[in-house]
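Chemist: predicted model and sequence below, questions to follow.
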Amino acid sequence: MHNTSESDQHLNSQAQDRLALATKLHETLAQDLALLGYRVDELIADTTLSRHQRSALREIRISIIEVNKRFRDAIYLSKPNDRAVL
């Protein structure tokens, strides 16, 4: 049977692992999504594209924003005891 100290250390280790993973995901995937959004913004501004094409790109841009928000929310919820980081 584990004593309280060992259990606390195990839980602390798990929390640290979750925080490290959340931080890494935030630093990579969230920034990649942001970059993708900026690239779509550049395409939306291209006046050589048809109105229909730019409208479709705006829909894609909105989807990217929604995915990024859901991702950031999931990261926020996965961070133990450190919810003010995001």
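Modeler: Thanks, I have it. Numbers count the residues shown, from 1 in each chain.
Chemist: quick one: mean pLDDT for stretch 24-37?
Modeler: Average pLDDT, stretch 24-37: 86.
Chemist: now do the buried residues in it.
Modeler: For stretch 24-37, the neighbour count (16 or more other Cβ atoms under 10 Å) marks 26, 33, 37 as buried. (C-beta placed from N, C-alpha, C; glycine too.)
Chemist: which residues does the last one contact?
Modeler: The reference is to G37. 61, 64-65, 68 (Cβ atoms under 8 Å, 6 or more residues apart in numbering).
Chemist: go again using 6 Å as the cut-off
Modeler: I64 (Cβ atoms under 6 Å, 6 or more residues apart in numbering).
Chemist: that one: helix or strand, and which one exactly?
Modeler: Assigning secondary structure by DSSP states H and E places G37 in helix 31-44.
Chemist: may I have that helix as CSV, with CA atoms only?
Modeler: Only the C-alpha atoms of helix 31-44 are listed here, as CSV (Å, rounded to 0.1, in the frame of the first residue of the first chain):
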residue,chain,number,x,y,z
GLN,A,31,0.6,28.8,-33.1
ASP,A,32,0.4,26.6,-36.2
LEU,A,33,-3.4,27.2,-36.3
ALA,A,34,-2.8,31.0,-35.9
LEU,A,35,-0.3,31.0,-38.8
LEU,A,36,-2.8,29.1,-40.9
GLY,A,37,-5.4,31.7,-40.1
TYR,A,38,-3.1,34.5,-41.1
ARG,A,39,-2.4,32.8,-44.4
VAL,A,40,-6.1,32.5,-45.1
ASP,A,41,-6.5,36.2,-44.2
GLU,A,42,-3.9,37.0,-46.9
LEU,A,43,-5.9,35.0,-49.5
ILE,A,44,-9.1,36.7,-48.5
